[in-house]
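K.L.:
no sequence on this one, just coordinates:
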Ligand code: UDP
Ligand code: MG
């Protein structure tokens, strides 16, 4: 491996953050005294992010800029960065400086002690809404209840990983990617480092409710078939209740007390029917994901790349 460290940054409409990000990353990376690169991935931004990052890469050989053909989402942009990085170690970080790059020396020290993954654990979050904080912490709890791999609570993608882990992540081909889950699945020696998550340097979050729900569904369906099993057990439970009801109804009929009540019947039908549809939906979700995965389409296309000061693609 020719480089000691790669810093991976997915960027979507981050032109206001790039200059500050560049300044702080350069400062912190050059202090490590190793050979480093900063891999900036433009995820189909609609502002001046790409012209700015390609110019940066043309000026500074430490910068590799990759232009994706459209907006694919944070996890795929990160996947592209992981595929193209050349360092023995990789620091994954957001472009908005919510996660302080100044944690790098501490992370490097832990890696020197033999850890393969050092993930940042958010103990405080600044500048994020009550809703975002509560939903994020609820998300990790539900996820760990449902899924087979244990994803440490309150860790995002901000982490330092070594080549072993980079290769493990690159070897996982799925199109629905939840990288912190894949990282937990890979195993190796993992440790977390507490930090305070800051407010965005500039701009506002791209992860609205819709994206968070999408990521949560990817996380659950990607790491667990438990929802499918739960539907089966729930069916068994309902069947048992049904059998008890049958005994009651037959008993009343034998004792010539005809059961009254269209209302209760109608309620039962509606309830059972809606539960059935919910379960069909769950099955459909898995089926749809199997369908998408079975096509084996490339995860992204690259529409330009500047490396070592020249356009390479
Ligand atoms: N991002 C991306 N593609 C997208 C949305 C976001 O590459 O479609 C990047 C974004 O530029 C940032 C990181 O992913 O570097 C995290 O996004 P954001 O800060 O909006 O999410 P939050 O920190 O609020 O969860
Ligand atoms: Mg952010």
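P.N.:
Perfect, I can see it now. This structure is a prediction, so every number in the text was calculated from the model and none was measured. Ligands and ions are numbered 1, 2, ... in the order given.
K.L.:
point out where the stretch 201-313 of the chain drops to low pLDDT.
P.N.:
The model of the stretch 201-313 of the chain has pLDDT under 70 over residues 257-260, 262-263, 266.
K.L.:
and it, which residues reach ligand 1?
P.N.:
Within the stretch 201-313 of the chain, the positions near ligand 1 by CB under 6 Å from any ligand atom are 205-207. All C-beta spots, glycine's among them, are computed from the backbone N, C-alpha and C.
K.L.:
closest to residue 156 out of those?
P.N.:
residue 207 (10.4 Å; CB to CB).
K.L.:
list the contacts for the closest one?
P.N.:
Residue 207 makes contact with 74, 215 under the criterion CB atoms under 8 Å, 6 or more residues apart in numbering.
K.L.:
and it, its phi and psi?
P.N.:
With angles defined as degrees, to the nearest 10, residue 207 sits at phi -100, psi 90.
K.L.:
near ligand 2, which residues of the stretch 1-150 of the chain show up?
P.N.:
The stretch 1-150 of the chain comes close to ligand 2 at residues 94, 96, 98, as judged by CB under 5 Å from the ion.
K.L.:
just name the closest of those to ligand 1, please.
P.N.:
Distance to ligand 1, by CB to the nearest ligand atom, is smallest for residue 94 among these, at 3.7 Å.
K.L.:
the closest one reaches residue 9, doesn't it?
P.N.:
Yes: between residue 94 and residue 9 there is a contact at 7.2 Å, judged by CB atoms under 8 Å.
K.L.:
this protein: helices as residue ranges?
P.N.:
18-30, 49-59, 74-84, 104-112, 130-146, 163-170, 179-186, 209-223, 226-254, 262-294 (DSSP state H).
K.L.:
let's have those in a markdown table, adding mean neighbour count.
P.N.:
Listed next are the helices of the chain as a markdown table, based on neighbours: other CB atoms under 10 Å:
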| stretch | mean neighbour count |
| --- | --- |
| helix 18-30 | 17 |
| helix 49-59 | 19 |
| helix 74-84 | 21 |
| helix 104-112 | 16 |
| helix 130-146 | 14 |
| helix 163-170 | 17 |
| helix 179-186 | 21 |
| helix 209-223 | 17 |
| helix 226-254 | 11 |
| helix 262-294 | 12 |
